Structures are given as structure tokens and as C-alpha cells.
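> what follows is a predicted structure for the sequence shown.
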Amino acid sequence: MKPGILVISHGSREAEWVRLVDEAVAAAAASPHVQGVPVYSSFLEIVEGRLIQDGIDALEEQGVTDLFVLPLFLSSGSTHVDEIGQAFGLPPVAELEGDLGTFRVNAKVHYGMPIDDDPDIAELLLSNIKPLSVHPEVETVMLVAHGSREKVFHERWQHGLNLLAERLRKLGGFARSRTAMLLPDQAADHLRALQEERPNEAVIVVPLFLSKGYFTNTVIPSRLKGLDYRYNGQAMLPHPAIERWLERRMTAWLQER
């Protein structure tokens, strides 16, 4: 039995986005516990020649018989995580049916979990917003993430966000933590409610996105236009915490075998 690891992220038209993901995956693959195990960084869409089926084929050509599929997504509430699982033969978590079809795969598949709540990720977020924080004891951190309107997925997003936001609050010594999703459109309402409730406390908006781009640069600022908050649009990559998360998940699976 030969193990192999397929990391799957969303994909982007921006070469820099792809490069940052590839570098994080390569760093994790080079760690002592993973070295020698074939690892392939693939994408759900857009990056032609590097899609999920391309990754499966490449790993099986190297003789992989045991395949660990690791979704590099932020939440188990992501419909993409469920969609990918369905294409590997797993049952759907809701009535939403994926449109990826079924992958051609001969190896035995082990499907991993996305990030959700994680101590390394909380430390990453804290380092991102450190320059914005002056007196954390009178500041609120508000995590803003993509989210989902679908009930089951919305609940999963909310659960993970609540845990991560509270972890960040404790780690940074902040007064309060809140969350908001872009789907449904909650950000402005949640920020207004915070400011009405605690008008003397500053709100630091923390984007929960892997890489800078349309959502961090355009969508979040436009949704919060005219409101008072602190924000630097800093995304999660590049940061060694992502590499550590990948390495931990890969190593845990290899040790379980």
C-alpha cells in the first residue's frame, strides 16, 4: 500500500493566489514527517491542467493506492467541501447535489476535514490585526467570512466561526468577539448593532479568506461603506500557520495508517 496526498483548494485566475497556495503545500510536503510521500496541489476550478482529476491521475501514476484528500477550505460549511466529497462517493450532507460528477479513482480514498476552528489559525489572525489594535480591552473583533444561505451549511459556518472568533478574542485579550457572513449579507447590520450596543468600543474587522482578492479588497469594504471600523484587508496567505495546519493534517493521517 502506497500513500499519497491530494490537497484541494478553490482555484483563482490570479497567478499570485495559486502561487501562494502551492508554496504552502510544498512547504508542508517538505516536512520530515511527510517527505517522500507524493503530494499534489490541485484546484476545484479555473486552474486548467491542475484540476482534481488531474491530481488523482498524477498520484495514481506514481503508484498511490491510499489517497488522503485534504480540502484546503476554511469551513465544513463550504458547499464546495460537500460537493467534492460527493464526487468521491460520499453521501451529501444536505439536499444540495454537487455538479462535479464522479471522479475516476482506483485508490482507497480518505476524506479529510477543512480548517474550521484551529489554534494556529487564531494566532495567524491575531498577527494580521496586531497593527490595528491599540487597547484590546476596549476593542471588539468581528470575523467576516464568505458563509452560505443554505441552512445546514450556514449552521456549520456559524459554529466554526463562533469557536474561532472566541479563540481569537481570548488570545488577544479583546473585550468581545462577533461574526458576520457575506452570504447572507450580515456584515453591515452586525457592525451597526455592535456600535449601538457599545459606542465607545472600536471594532476590528477580521477577514477570513485564504488570499487577498476581490472579497478582501472590494466586497467587504463596499458592504461596510460609511461605517466606522478598523480594517487592513490582510488575508491568511502567506503565513507559516497554513503550512503548519497542512503538515499536521498530513502527518496525523500518515500516522493513523
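Cool, got the structure.
> show me where the stretch 1-150 of the chain has its strands.
Assigned by DSSP state E, counting those that start in this stretch, the strands in the stretch 1-150 of the chain fall at 3-9, 39-43, 66-71, 108-111, 139-147.
> now mean pLDDT, mean neighbour count and distance to Ser177 too, for those strands, in JSON lines please.
All C-beta atoms are positioned from the backbone trio N, CA, C, and that covers glycine. Formatted as JSON lines, the strands of the stretch 1-150 of the chain follow (pLDDT from 0 to 100; neighbours: other CB atoms under 10 Å; distance: least, CB to CB, whole Å):
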{"stretch": "strand 3-9", "mean pLDDT": "98", "mean neighbour count": "24", "distance to Ser177": "27"}
{"stretch": "strand 39-43", "mean pLDDT": "98", "mean neighbour count": "23", "distance to Ser177": "32"}
{"stretch": "strand 66-71", "mean pLDDT": "98", "mean neighbour count": "23", "distance to Ser177": "25"}
{"stretch": "strand 108-111", "mean pLDDT": "97", "mean neighbour count": "15", "distance to Ser177": "30"}
{"stretch": "strand 139-147", "mean pLDDT": "97", "mean neighbour count": "24", "distance to Ser177": "5"}
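> got these as JSON lines, with distance to Ala122 columns?
Formatted as JSON lines, these follow (distance: least, CB to CB, whole Å):
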{"stretch": "strand 3-9", "distance to Ala122": "21"}
{"stretch": "strand 39-43", "distance to Ala122": "25"}
{"stretch": "strand 66-71", "distance to Ala122": "20"}
{"stretch": "strand 108-111", "distance to Ala122": "25"}
{"stretch": "strand 139-147", "distance to Ala122": "10"}
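> between these, which one is nearest to Leu90?
strand 108-111 (6.1 Å; CB to CB).
> what's in contact with the closest one?
Identification of contacts with strand 108-111 by CB atoms under 8 Å, 6 or more residues apart in numbering yields Thr65, Asp66, Leu67, Phe68, Val69, Pro71, Gly85, Phe88, Gly89, Leu90, Trp253.
> same check, this time on stretch 182-201
Contacts of stretch 182-201 with the rest of the structure, by CB under 8 Å, 6+ apart, involve 138-140, 142, 144-149, 154, 175-176, 178-181, 203, 205, 215, 219-220, 223-224, 227-229.
> quick one: end-to-end distance for it.
Its start and end residues considered, stretch 182-201 measures 23 Å (CA to CA, to the nearest Å).
> next, the distance between the ends of stretch 63-72.
Span of stretch 63-72 from end to end, CA to CA: 24 Å.
> same check, this time on stretch 123-135
First residue to last in stretch 123-135 (CA to CA) measures 18 Å.
> so how far is it off the chain centroid?
Its chain's C-alpha centre and that of stretch 123-135 lie 19 Å apart, by CA atoms, centre = their mean, to the nearest Å.
> check stretch 214-234 too.
Centroid separation for stretch 214-234 versus its chain: 19 Å, with CA atoms, centre = their mean.
> give me the mean pLDDT for it.
Here stretch 214-234 scores 96 as its mean pLDDT.
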